[in-house]
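Prediction below, plus the sequence it came from.
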Amino acid sequence: MGSEAEHKIPVINLNDESFKPGSDSWVLACKQARYGLEEYGCFEIVYDKFSPELHNSIFGAAEDFFGLPKETKMQKTSDTPGSIGYIADSPTVPLYETVGIYNATTLQGVDHFLNIMWPAGNNTFRESVHSFSKRVQAFHEMITRMVCENYGVEGLFNSVFETFIYSFRFFKYKPPQTKEGEVGLTAHTDTSFISILHQHQVEGLQIKTKDDQWIDVKPNPSSFVVLAGDILQVWSNDRVRSCEHRVMVKEDKVRYSIGLFTTGQGVIHVPEELVDDEHPLQYKPLDVAEYTRFAVAGGGAEAASRVKAFCGI
Ligand SMILES: O=C(O)CCC(=O)C(=O)O
Ligand SMILES: [Fe+2]
């Protein structure tokens, strides 16, 4: 008792009108992002311009999708590795239901999904998913810029950012069967470069600290949780730690959450600028498609770090 460290995930406030690269608030945000990613593998951003209307419209789209008949939801929507489609009734995570929309920052990607799920169209859904994905893509861009700046490799921004492909996911968790709560989603790291999550009212997301404590990340209509994924851990040559997280559902309510995940294309290398005496090279080049297949098939599940089991030196 009393010996556990007090943890506080950094919160970056984007509401300042003067917030842009180079401004004082930008420099402060870069420091907070660096601390959050290196210490916790995550941080929060708060953005009031993300209005309650946008929040409600995207979770309205979630309810719309999960309300479809099961045979409709189960249809295959993509052949791309890493675009895990629909999951429900899994024996290991029975409360969890999810679906992914591959390439959701393009109308083509959203329409492909829509044509399968709603052949007669669903304009409200189309608009909500596409505009949410575009907004959150702008956060991915900003954070990638900050990460490059923090490590003195601003010149690499384009080469990193251009490799991103975005998958949007909806999550739904049934209420727990017991008063103590239940695991909604088991502890894991994401394969992504960065994942950005947005929760709806019911709490549940927890992240694991370096000293093995689970801490809650509370929902808020204008806040987003930024998690470092395995690809960022590799690219940064272990400066950033991929965030271990899970979902614990405690309230007697259905929980919804959404996220935009970046996967890459081709092969990710540690930039030579990030290798020195203090930071010897930790990873062989990582083929993103192969790594995603390995992770989806459950490879490296027993290892302390799945990505180290795959391409660590
Ligand atoms: O439901 C959530 O908030 C998190 C989901 C998640 O971590 C994942 O699917 O990778
Ligand atoms: Fe995750």
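Sure, I can see it. Ligands and ions are numbered 1, 2, ... in the order given.

List, one by one, the residues from the stretch 151-300 of the chain near ligand 1.
Contact residues (Cβ under 6 Å from any ligand atom) of the stretch 151-300 of the chain with ligand 1: 171, 185, 190, 197, 199, 205, 245, 247, 257. No exception for glycine: its C-beta is placed from N, CA and C like everyone else's.

Might you report the residue contacts of the closest residue to the third one other than its chain neighbours?
Excluding the flanking residues, the one nearest D190 by Cβ to Cβ, 6 or more residues apart in numbering is G229, at 4.0 Å. With contacts defined as Cβ atoms under 8 Å, 6 or more residues apart in numbering, G229 is in contact with 189-195, 242-243, 261-262.

mind running it again at 6 Å?
Applying Cβ atoms under 6 Å, 6 or more residues apart in numbering, we find G229 in contact with 190-193, 195, 242.

same thing with E38?
Contacts of E38 (Cβ under 6 Å, 6+ apart): none.

a helix runs through it, doesn't it?
Yes. With DSSP: H, G, I helix; E, B strand; the rest coil as the criterion, E38 is located in a helix.

At the geometric centre of the chain, which residue sits there?
Most central in the chain under Cα atoms, centre = their mean is S195, positioned 1.9 Å from the mean C-alpha point.

sorry, back to before: please report the distance of the residue nearest to D190 from Q75.
27 Å (Cβ to Cβ, to the nearest Å).

Likewise for K308?
36 Å.

the more surrounded of those two?
Neighbour count, other Cβ atoms under 10 Å: between K308 and Q75, K308 has more, with 18 against 12.

So that one: helix, strand or coil?
helix.

which ones are touching it?
Contacts of K308 by Cβ under 6 Å, 6+ apart: none found.

Could you report the separation of T262 from ligand 1?
13 Å (Cβ to the nearest ligand atom, to the nearest Å).

On the strand side of things, show who that residue bridges to.
Y166 (DSSP bridges).

I'd say it and F164 touch.
Yes. Between T262 and F164 there is a contact under Cβ atoms under 6 Å: 4.5 Å.

which one of those two has more residues nearby?
T262 (26 against 20).

show me what contacts that one?
Contacts of T262 (Cβ under 6 Å, 6+ apart): 140, 164, 166, 192-194.

most neighbours, which of these?
Ranking the contacts of T262 using other Cβ under 10 Å puts F193 first, with 29 neighbours.

Tell me who's in contact with it.
Contacts of F193 by Cβ under 6 Å, 6+ apart are 229, 231-232, 262.

how about 8 Å then?
144, 160, 164, 229, 231-232, 235, 262-264.

Let me know the closest of these to S128.
Nearest to S128 among the contacts of F193 is T262, at 20.2 Å by Cβ to Cβ.

Around the closest residue in space to Q32 that isn't next to it in sequence, how many other residues sit close by?
Closest residue to Q32 apart from its sequence neighbours, by Cβ to Cβ, 6+ apart: P10 at 4.1 Å. Residues within reach of P10, counting by other Cβ under 10 Å, total 19.

L37 versus P10, what's the distance?
9 Å.

and R241, what helix or strand is that in?
Assigned by DSSP states H and E, R241 belongs to no helix or strand.

residues shared between the contacts of T262 and F164?
140, 193.

Quick check: closest non-adjacent residue to P176.
E182 (3.9 Å).

Am I right that that neighbour is in contact with E251?
No. Between E182 and E251 there is no contact under Cβ atoms under 8 Å: 11.2 Å.

Please say which of the two ends up with more neighbours.
Each of E182 and E251 has its neighbours counted (other Cβ under 10 Å); E182 has more, 17 against 13.

Show me the contacts of T262 that map onto strands.
166, 194 (DSSP state E).

just curious, which of the contacts of T262 is nearest to ligand 1?
S192 (8.6 Å; Cβ to the nearest ligand atom).
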